[in-house]
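A.B. asks: A predicted structure for the sequence below; I have some questions about it.
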Amino acid sequence: MAAVTGIRTRILSHQRLSKGTFSATHRNASSWTEAALRKELTSRRLPLSYDYLTPLPSHLLTLSLSDFLPDIFQAPKILPSVQQPQHLPPGYHLIYFPPQVPPSQLLPDGTDLLHSPGAPFNRRLWAGGNVFFPTPKENLLLNGQRAVCVEKISDVNVRGAVGDEKVFVTIDRRFSTVQEGEDPEETRNRVLNSREVLTEQRTLAFLQDRKPEHTNSPNLAGKNSRLVKSPQDPEIRYTITPTKALLFRFSALTFNAHRIHLDEAYTREVEGHPGLLFHGPLSLTLLLRVLSSHLERIGRRIQRIEYRNIAPLFVEQELSICAKVKEPADSTWEAWIEGPHGGLSVRGTVWTEPLSA
């Protein structure tokens, strides 16, 4: 709690400082802000996030997705036993290790402030990232063992036109089991220096508050922007229409109070979107599970994925999860998600290897 309180104090201090700085020319403010934010955020000491790797969250996520993709998500009728533990499925780490902060440490949009650059960048979106999966021998087991996520902000960039800058915060995350009573500093150093552990890098985009004159008006940039053309001739294609119930369940499983997934009035009137947004991490989970299910049938597994979120997806609008071989020589795959009109929403590259590797 002390670490989180310290983060909040630094954010408030930076907010006061940035307000004064932004009253100068935008170009100078942008340059100063990038240097200052990179220095402050990359030196920010994030708290360790502990969890117990029980099968229940994974079981509930599989149940929640089973009606949408019954061929992929086949949930057992009863909760799996920790005495016969299963490996953590690809992407399911996203529903463990939630941000463990009280409501007072949430921002107005419902997100936690752990990675926040401070005002005026108060609107958060998931921009993309990459994940490295260890060999099955090193993969996490759902056996109830205590585990930890060690996070570090590795980079900060300010992009966008003058007056409409966005802050992109890149976070390195590493996951490992931990012994009960292990010293936190020993844990941090051990996990940061471990090579064969589940590793994720994610980039969050922080947008400026919408100007008062734009509140209650549609976000035209998201609605009328030109569609990015999707790749052609997918070998794998599954189409679903996400519901509000699915978004609520995923928010609950990830302990995520982000209002763009839950509060339709806020999403329309404050953020300017036409409806509730589909979760970025849920998009990643779907890509990973659909492709890994196919790969298992041909004796391969996902080793690494790099992906980028290009356009938003919305509740009760059709989306399609697609994939095809990109480079047959090294079994690299192209994976993507299309929106309701065929435009590209998520695009990824996946490297695979034999299951026995």
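C.D. replies: That came in fine, so what should we check first? Residues are numbered from 1 along each chain as shown.

A.B. asks: can you check the pLDDT for residue 26?
C.D. replies: You'll see residue 26 listed with a pLDDT of 40.

A.B. asks: scratch that, residue 284 is what I was asking about
C.D. replies: With respect to pLDDT, residue 284 scores 98.

A.B. asks: specify the local secondary structure of it.
C.D. replies: helix (DSSP: H, G, I helix; E, B strand; the rest coil).

A.B. asks: what residues are up against it?
C.D. replies: Going by Cβ atoms under 8 Å, 6 or more residues apart in numbering, residue 284 touches 91, 94, 129, 131, 305, 307, 346. C-betas here are computed from N, CA, C, even on glycine.

A.B. asks: from those residues, which ones fall inside strands?
C.D. replies: Taking DSSP state E, the ones among these that sit in strands are 129, 131, 305, 307, 346.

A.B. asks: so which of these comes closest to residue 113?
C.D. replies: Ranked by distance to residue 113 (Cβ to Cβ), the ones in strands among the contacts of residue 284 are led by residue 129 at 19.8 Å.

A.B. asks: now the helices for the stretch 151-300 of the chain?
C.D. replies: For the stretch 151-300 of the chain, helices defined by DSSP state H, counting those that start in this stretch occupy the ranges 184-192, 220-224, 244-253, 264-269, 280-297.

A.B. asks: tell me the most buried of the ones you listed?
C.D. replies: helix 280-297 (a mean of 21; mean count of other Cβ atoms under 10 Å).

A.B. asks: tell me which residue is most central in this protein.
C.D. replies: By Cα atoms, centre = their mean, the chain has its centre lying nearest to residue 281, at 4.0 Å.

A.B. asks: read off the pLDDT value for that one.
C.D. replies: As predicted, residue 281 sits at a pLDDT of 97.

A.B. asks: once you drop chain neighbours, what's closest to it?
C.D. replies: residue 94 (4.4 Å; Cβ to Cβ, 6 or more residues apart in numbering).

A.B. asks: quick one: that neighbour and residue 279 touch, right?
C.D. replies: No: using Cβ atoms under 8 Å, residue 94 makes no contact with residue 279, being 9.0 Å away.

A.B. asks: residues that sit against both of the two, list them.
C.D. replies: Between them, residue 94 and residue 279 share these contacting residues under Cβ under 8 Å, 6+ apart: residue 254.

A.B. asks: could you pull out the strands for this protein?
C.D. replies: Assigned strands in the chain, in chain order: 49-52, 123-132, 146-159, 166-177, 198-207, 236-240, 300-309, 319-327, 332-338, 344-354 (criterion: DSSP E).

A.B. asks: what about the second one, distance to the chain center?
C.D. replies: Computed by Cα atoms, centre = their mean, to the nearest Å, the chain-centroid distance of strand 123-132 equals 5 Å.

A.B. asks: what strands line up against that strand, and which way round?
C.D. replies: The partner list of strand 123-132 in its sheet, established with DSSP bridges, is strand 198-207 (antiparallel), strand 300-309 (antiparallel).

A.B. asks: same list (the ones you listed) but as CSV, adding mean neighbour count and distance to residue 103.
C.D. replies: Shown next, in CSV, are the strands paired with strand 123-132 (neighbours: other Cβ atoms under 10 Å; distance: least, Cβ to Cβ, whole Å):
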stretch, mean neighbour count, distance to residue 103
strand 198-207, 20, 20
strand 300-309, 19, 27
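
A.B. asks: looking at those strands, which is closest to residue 55?
C.D. replies: strand 198-207 (16.9 Å).
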